[in-house]
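S.K.: Predicted model follows, preceded by the sequence.
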Amino acid sequence: MIVRRPAAERGHSDLGWLDSRHTFSFADYYDPRYMGFRALRVINEDRVKPGYGFGTHPHRDMEIISYVLDGALAHKDSMGTGSVIRPGDVQRMSAGTGVLHSEMNPSTEEPVHFLQIWLMPDERGITPSYEEKRFDAAEKRGRLRLLAARDARDGAVAIHQDVDLYAGLFKTGEGATVDLRPGRHAWLQIAQGAITLNGQPLGQGDGAAVSEEASLAFTATADSEIILFDLA
């Protein structure tokens, strides 16, 4: 079963400096039908104007992944970590017992466009931690590259949940087939472009919840960037 989550039906907030689209209920946007999917709690597609961002604020007991599509994002936290991530970088912060952090657009000219992803951890009260890795476009070209996993295999960042997170860059006409193990579920997010998934069209910003499917076959109908979650 594949259930499409249309981009146009997502929650939306526009604060002037921030334009945000919420796949699942978040902040002032609440829809009881969309409270997350399995361990996946948040997918926010954010666009932040130059020089603006999210000031220092707290989190706890959440796995937070930032994935930049265009521009740059500056991160600082109470663990002493500070970095600027760009397309190709994957940033994971495990909030655990509590952490303060900020995310700002360091540019004075260019906006930043990124996805912020929250996963509910499989254990509460862990020690906060941070990890960042770069995955060049060549690693994702024409295939799905593992970015995050509980066992950190294949050079992925480690997350505290039974979720495998992949991303791929596909030119028009390219595609892939993914086999799902029995009892597994998937969420597919179209970060950029458009595809067909098991014959069903999905456009930019669309998501799809997948259950009780043995395999997923997709083909890009435009140059695309695909995010795939393999979930327990």
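M.R.: Arrived safely, thanks for sending. Note that the structure is a prediction, hence the values are computed from the model and not measured.
S.K.: ok but Asp154 is inside a helix, no?
M.R.: Yes: membership of Asp154 in a helix is supported by DSSP: H, G, I helix; E, B strand; the rest coil.
S.K.: Quick one: list the elements packing against the one helix or strand Asp19 maps to.
M.R.: Using DSSP states H and E, Asp19 sits within strand 18-22. The contact analysis (3 or more Cβ pairs under 8 Å, 6 or more residues apart in numbering; DSSP states H and E) places strand 18-22 against strand 11-14, strand 40-48. C-betas here are computed from N, CA, C, even on glycine.
S.K.: which SSE is the nearest residue to Gly203 once chain neighbours are set aside in?
M.R.: Leaving aside its chain neighbours, Gly203 sits nearest to Ala194 (4.7 Å; criterion: Cβ to Cβ, 6 or more residues apart in numbering). Ala194 is located in strand 185-197, with elements delineated by DSSP H and E.
S.K.: What pairs with that strand, parallel or antiparallel?
M.R.: Sheet partners assigned to strand 185-197 using DSSP bridges are listed as strand 200-202 (antiparallel), strand 207-210 (antiparallel), strand 215-231 (antiparallel).
S.K.: looking only at pLDDT, what's the mean for the second one?
M.R.: What it means is strand 207-210. Throughout strand 207-210, pLDDT has a mean value of 98.
S.K.: residues in contact with Val42?
M.R.: Residues in contact with Val42 (Cβ atoms under 8 Å, 6 or more residues apart in numbering) are 22-24, 26, 36, 116-118.
S.K.: Apart from its chain neighbours, what residue comes closest to Asp151?
M.R.: Leaving aside its sequence neighbours, Asp151 sits nearest to Ala158 (Cβ to Cβ, 6+ apart; 7.6 Å).
S.K.: Please name the residues that touch that neighbour.
M.R.: So Ala158 contacts 92, 131, 148-152 (Cβ under 8 Å, 6+ apart).
S.K.: Just confirm Glu139 is within a strand.
M.R.: No: if the criterion is three-state DSSP, then Glu139 is helix and not within a strand.
S.K.: circling back to that earlier point, from the contacts of Val42, pick the one nearest Ser211.
M.R.: Distance ranking of those against Ser211, using Cβ to Cβ, places Gly36 first at 14.0 Å.
S.K.: What separation is there between that closest one and Ala95?
M.R.: Distance, Gly36 to Ala95, using Cβ to Cβ, to the nearest Å: 16 Å.
S.K.: These two: which has the busier surroundings?
M.R.: Legend: neighbour count by other Cβ atoms under 10 Å for Gly36 and Ala95, higher for Ala95 (21 against 17).
S.K.: Need the phi and psi values for the more buried one.
M.R.: Ala95 adopts backbone torsions of phi -70, psi -30, taken as degrees, to the nearest 10.
S.K.: Quick check: beta-bridge partners of Ser13?
M.R.: Residues in beta-bridge contact with Ser13 (DSSP bridges): Ser20.
S.K.: What about it, how many residues nearby?
M.R.: 15.
S.K.: List the contacts of it.
M.R.: So Ser13 contacts 19-20, 22, 27-29 (Cβ under 8 Å, 6+ apart).
S.K.: Could you report the distance from it to Pro58?
M.R.: 20 Å.
S.K.: ok, now Gln161?
M.R.: 20 Å.
S.K.: out of those two, which sits in the more crowded spot?
M.R.: Gln161 (21 against 10).
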